[in-house]
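[1] Here is the input, now give the coordinates:
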Amino acid sequence: MLENPPNGGFDVPFPSSLTPIAMRAPQGWRWPALAAGAAGLAVVVLLAVSRRLDLVEALSAGAFVAGVTGLALLAADRSAQARFDNLMRSSVERAPEAPPYPALINALPDPILVVSAAERDDLTSRRYIFANSAARDLLRIDRGEGLLVSAIRDPQVLEAVDEALFAGLDAEAVYETGGVQDRFLRAYARPLGLALDGRRLAILMFRDETEFHRVERTRVDFLANASHELRTPLASLSGFIETLRGHAKEDPGARERFLGIMQAQAERMRRLIDDLLSLSRIELNEHIAPADRVDLAAAVMDVVDALSPIARERGVTLEPRLPAMGAPVTGDRDQLVQVVQNLVDNALKYSGEGATVRIVVEPGLSPDSATAGQRPDAARLALLTPDHPQGPYTALRVSDQGPGIARANLPRLTERFYRVEGQKSGERSGTGLGLAIVKHIANRHRGGLAVESGEGQGTTFTAYFPQAPAVVAQAPAAVAKVS
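    So this is what the prediction gives:
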């Protein structure tokens, strides 16, 4: 039976055709000595027949040749047996070593398992007896052997394995991992025949098709969203164009008013297309985590500098609280700036004159600390939680003093185009994609997103990202800048 030894390889038995039939030295080495002895005896016989040697001399010579031949055979036998014994000892010492095949399979990037089973009706007999590194990472298993159903619960994949094990047929199925970092893989099952103990064997391989699925889903979502959301401004533009070509053609006041509305609608379409394209690009690469080192505190200051004129115009104070030594995180700088800008811009929209928007950056937090509540009486909800929270994280908290959000509306805040009822017009108009973009960027960074709010209490959004390695946690410093 094929087993998974401690070294992670296979114990592969010798094929019967290669098993030695006797544990003794080979016999081919004796023929040269025997031939030399026979030749010597033949010479002695010829000399005796030709009467060049008498009988006594011939017998003495024959005995001498036979003795020398015997000694040669004995010496050669001992030397060959010693070499053979050394070879066998070396072979026995090397026998436990794993053959190179498991090491090669272990190095492959595609997940691969070897599965064995006894009877079709016995589900517990289906075991994976080898799993390479990629398979252990994909299925989150820490052993090279175990029950198959403990590693894979997808019924389609298990059915494909049964086809390979018991029907001897090639089979395949689609496998989706689920979670916030979902992956789409195609599973291929191939029969391997029987093990030495009669158990059936099959190999199960996975091919990652996440990129293909993401491209297709992005294309479909973009077309659906664009066709749905662009219909309203396009209809508005068409209506005003017809009006301007009709009775309002000679009315300068109406013409100016309609042209202003048309310009606003065109600007809305531009923002919508920009946000849709941005969201599509983020989703397309969402499964590839960024690896650059970015100072989140510096990104916050860039956004504060850019939005300060708008804040002053609205009578709102931007109050950043940043670590004195910066806050390096692992991420994509452009996308992190986009997160800060979307959250701060969202806070500005819902803050009245004289209000304050606080932007706080806190490094060195555990997953629980990053999502801890900041408003004791507010409702709190995690909008995104990483699949494998580890930490430390750096949290970005943006708080406003706006009207707040009812608890019932919190779960839908990151839906595309969702707007809280009663907040869809006037100066607060937008594309409805800002928080969806923030969520997908946080997901790509293997971070999280949470919200706290209550009606009449304002709102706090917290986005947290993995802290860059070898960075000492810094406590929040005093107000760095007020604009």
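
[2] Relative to residue 255, how far out is residue 245?
    Separation of residue 245 from residue 255 (Cβ to Cβ, to the nearest Å): 11 Å. All C-beta spots, glycine's among them, are computed from the backbone N, C-alpha and C.

[3] the more surrounded of these two?
    residue 255 (15 against 9; other Cβ atoms under 10 Å).

[4] Check the offset of the helix or strand the more buried one falls within from the chain's centre.
    Here residue 255 sits within helix 252-284, counting by DSSP states H and E. Relative to its chain's centre, helix 252-284 lies at 38 Å (Cα atoms, centre = their mean, to the nearest Å).

[5] Give the buried residues for that helix.
    258, 262, 265, 268-269, 272, 275-276, 278-280, 282-283 (16 or more other Cβ atoms under 10 Å).

[6] For residue 286, which three-state class applies?
    Here residue 286 is recorded as coil under DSSP: H, G, I helix; E, B strand; the rest coil.

[7] before we move on, what about residue 345?
    helix.

[8] isn't it right next to residue 435, touching?
    No. Between residue 345 and residue 435 there is no contact under Cβ atoms under 8 Å: 11.1 Å.

[9] Okay, strands next: where are they in the protein?
    112-117, 127-131, 146-147, 171-176, 184-194, 200-208, 293-295, 317-321, 328-330, 356-365, 379-384, 393-399, 448-454, 458-466 (DSSP state E).

[10] Tell me which of these approaches residue 231 most closely.
    Set against residue 231 and scored by Cβ to Cβ, the strands of the chain come closest in strand 379-384, at 28.3 Å.

[11] neighbouring contacts of the closest one?
    180, 371, 373, 407, 410-411, 413-414, 435, 439, 442-443, 447-454 (Cβ atoms under 8 Å, 6 or more residues apart in numbering).

[12] Any quick ChimeraX command for the buried ones out of those?
    To isolate the buried ones among the contacts of strand 379-384 in ChimeraX, judged by 16+ other Cβ under 10 Å, type:
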select :371,410,413,414,435,439,442,443,447,448,449,450,451,452,453,454
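
[13] which stretches of the stretch 101-250 of the chain form helices?
    133-139, 148-151, 155-166, 210-229, 231-245 (DSSP state H, counting those that start in this stretch).

[14] okay, and for the stretch 201-350 of the chain, where does confidence drop off?
    Residues of the stretch 201-350 of the chain meeting the criterion pLDDT under 70: 214-215, 218-229, 232.

[15] repeat that with 80
    Applying pLDDT under 80 to the stretch 201-350 of the chain flags residues 210-237, 239-240, 242-255, 258, 261, 264-265, 267-269, 271-280, 283-287.

[16] Helices of the stretch 301-450 of the chain, start to end?
    Under DSSP H, counting those that start in this stretch, the stretch 301-450 of the chain gives helices at 333-349, 367-370, 434-444.

[17] Any chance of those in TSV with distance to residue 315 as columns?
    Formatted as TSV, those follow (distance: least, Cβ to Cβ, whole Å):
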stretch	distance to residue 315
helix 333-349	11
helix 367-370	32
helix 434-444	22
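
[18] Tell me which of the ones you listed sits nearest to residue 201.
    helix 434-444 (39.1 Å).

[19] Which neighbouring elements make contact with that closest one?
    Helix 434-444 sits against helix 252-284, helix 333-349, strand 379-384, strand 448-454, strand 458-466, with contacts defined as 3 or more Cβ pairs under 8 Å, 6 or more residues apart in numbering; DSSP states H and E.

[20] now that helix, how far from the chain's geometric center?
    Counting by Cα atoms, centre = their mean, helix 434-444 is centred 19 Å from the centre of its parent chain.

[21] and if you look at stretch 241-253?
    59 Å.
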